[in-house]
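Enquirer: Build me a model from this:
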Amino acid sequence: MGSGEALKAAKVYRELMKTVKKHIGKEEHKAHFREFIKTEFRKSVDGLESSVIQQKMKVASDYSYLLSSVHHHQDLLFSYNIAVDRSDEMKKVLGKSAASVGLQLPEVYQP
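Expert: Residues are numbered from 1 along each chain as shown. Model (predicted):
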């Protein structure tokens, strides 16, 4: 793998990890997503053809785009109030509104 391909692979890897962290989450029970990506990118590519490497880079890039698009679509559904539970969305909006004027929403007591 040349230095140009290595830089492209690093860029795709970084973008994919950021997308997974943002849209899937950082929780411990979801760590297998990040671990799978790490192992796939750390595999040796010495014996692979350039076209196979390019195909794998495209799959990783497309998956990152898919995750972002699905969550953007979900946000649009929330904003248009189309058959989705809006309680979490409303909490987020209220929290942002309160934060914009320097306040903080109280924690709800749950026995």
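
Enquirer: burial count for Lys30?
Expert: Residues lying near Lys30 (other CB atoms under 10 Å) number 12. In short, each C-beta sits where N, CA and C put it, glycine included.

Enquirer: give the contact list for it.
Expert: Ile24 (CB atoms under 8 Å, 6 or more residues apart in numbering).

Enquirer: Helix, strand or coil: sort out it for me.
Expert: Here Lys30 is recorded as helix under DSSP: H, G, I helix; E, B strand; the rest coil.

Enquirer: Which pLDDT value belongs to it?
Expert: pLDDT, the model's per-residue confidence, is 82 for Lys30.

Enquirer: which other residues reach the lowest-mean-pLDDT helix or strand in the chain?
Expert: Ranking every helix and strand in the chain by mean pLDDT, DSSP states H and E puts helix 87-100 at the bottom, with a mean of 83. Helix 87-100 is contacted from outside by Phe78, Gln104, Leu105, using CB under 8 Å, 6+ apart.

Enquirer: Drop anything exposed from those.
Expert: Phe78 (16 or more other CB atoms under 10 Å).

Enquirer: Let me know the closest of the contacts of helix 87-100 to Met17.
Expert: Here the nearest of those to Met17, counting by CB to CB, is Phe78; it sits at 25.5 Å.
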